[in-house]
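Asker: Quick one: sequence plus predicted model below, questions after.
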Amino acid sequence: MTRPCCRSWRTRARAAAGLVAIALLAGTSVACLSLRGNSGPKNVVELARKLARERTNGSPRLDRLLAGPLRSQASTAEGRAALLAELRSIESMTPLELVSSQQHADGSGASTHVYTATASAHDPQGAVVRYRVTVRCAETIEHQHTDASKGVCRPDPSDPTLPEICDADTPSTDWDDVSEDCELTDLAPQAP
């Protein structure tokens, strides 16, 4: 059973994407946006680009968004400077497409998804450069349970000698809480 108040990451990401876009257009900082958990693949790319544009050399928050070759690249000063320049130069990006999905062997129902997109940018000389953007997301599923609880009873305010007035009992509920932690794994130049 899916708990109605626990929306999927896709629903939360769609809602957050609009707020992030408004905040970015207004030039405000989006410090409350979570870096991990329920961030969704598109939000990870947008947040990495935003952090690259900040004057903090990408900050440690950017490091938490990187994995694979990009984490290695960002570990040196020259590599980090090049990565930040590439992220800053991106002007547009095609929608992310799911290219692979693999179920975890532990039987939990969790899976790993890999998404790619093509980003367009201009190099310092003004030539158009295209990058293949790769994002890896690890989906986790946690089974949640809430025990039943008895409704609260209180004396009738109009006449305490009458039977108590009781709220309805709350039944037990079970649901699966799905979250997706995404990392930017590659930003590879493509041949023209």
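Answerer: Yes, it's here. Numbers count the residues shown, from 1 in each chain.
Asker: and the residue of the chain positioned farthest from its centre, what is it in contact with?
Answerer: Most distant residue from the mean C-alpha position of the chain: residue 161, 55.8 Å away (Cα atoms, centre = their mean). If a contact means Cβ atoms under 8 Å, 6 or more residues apart in numbering, then residue 161 has no contacts. Any C-beta I mention is one placed from the backbone N, CA and C, and that applies to glycine too.
Asker: what's the distance between it and residue 152?
Answerer: Distance from residue 161 to residue 152, counting by Cβ to Cβ, to the nearest Å: 20 Å.
Asker: For this protein, just list every one of the helices.
Answerer: 9-26, 41-53, 59-63, 68-73, 77-89 (DSSP state H).
Asker: Need the residues that contact the shortest one.
Answerer: Counting by Cβ under 8 Å, 6+ apart, the neighbours of helix 59-63 from elsewhere in the structure are 35, 48, 51, 52, 71, 74.
Asker: burial count for the fifth one?
Answerer: Number of residues near residue 71 (other Cβ atoms under 10 Å) recorded here: 16.
Asker: Next up, the contacts around it.
Answerer: Applying Cβ under 8 Å, 6+ apart, we find residue 71 in contact with residue 63.
Asker: returning to what we had before: out of the helices of the chain, name the one with the poorest average pLDDT.
Answerer: Of all the helices of the chain, the minimum mean pLDDT falls on helix 9-26 (a mean of 37).
Asker: does residue 152 really touch residue 165, like I thought?
Answerer: No - counting by Cβ atoms under 8 Å, residue 152 stays clear of residue 165, with 9.4 Å between them.
Asker: Many thanks, I have nothing further to ask.
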